[in-house]
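# Could you work out the structure for the sequence below:
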Amino acid sequence: MYALATANGQDESGPWALLHYNGHSWSRVTPFAAHDASQLVSDGHGGIWILHARGCCNLGEALRYSGGTAASTGFPATAQAVSLAGVPGTADVLAGGYTGKPMDSSADHPVILQYVPR
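Here you go, the predicted structure:
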């Protein structure tokens, strides 16, 4: 089982870490840089997807953690992801969110993005 731990500050998130529970105790798998990590989703193959916002406005990436390493998959420049969902039976992930100008919700359009690892 995996969990996210963060040093939330008053005005912005601090560094965060991925934790793993082996059935007896928790251990820190790896630390990450500041900003938000808000959701974990199984990749269906022993790894996980992590929704990671870099900076303001939910602009960011989906990190795939598997086999001891995390690989980044950036979203298109104007896409702002707010949720992840794994595709059953695959290592694919869907990201739901919207496109538009950061900090201007008047022109937002819903979007669903799919990432298929090679």
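# can you give me the strands in the protein?
For the chain, strands defined by DSSP state E occupy the ranges 2-6, 16-21, 26-32, 37-42, 48-53, 60-66, 69-74, 79-86, 93-99, 109-115.
# Now the second one - C-alpha only, CSV.
Pointing back at strand 16-21 there. This file holds the C-alpha atoms of strand 16-21, laid out as CSV (Å, rounded to 0.1, in the frame of the first residue of the first chain):
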residue,chain,number,x,y,z
TRP,A,16,6.3,15.6,-0.1
ALA,A,17,7.3,11.9,0.1
LEU,A,18,5.9,8.6,-1.2
LEU,A,19,5.4,6.2,1.7
HIS,A,20,5.0,2.4,1.5
TYR,A,21,3.3,0.1,3.9
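# Among the strands of the chain, show me which one is buried the most.
Most buried of the strands of the chain by mean neighbour count (mean count of other CB atoms under 10 Å) is strand 48-53; its value is a mean of 23. Heads up, the C-betas are built off the backbone N, CA and C, glycines and all.
# Next, the angle from that one to strand 26-32.
With axes from the mean of the first three to the mean of the last three CA atoms, to 10 degrees applied, the angle from strand 48-53 to strand 26-32 works out at 50 degrees.
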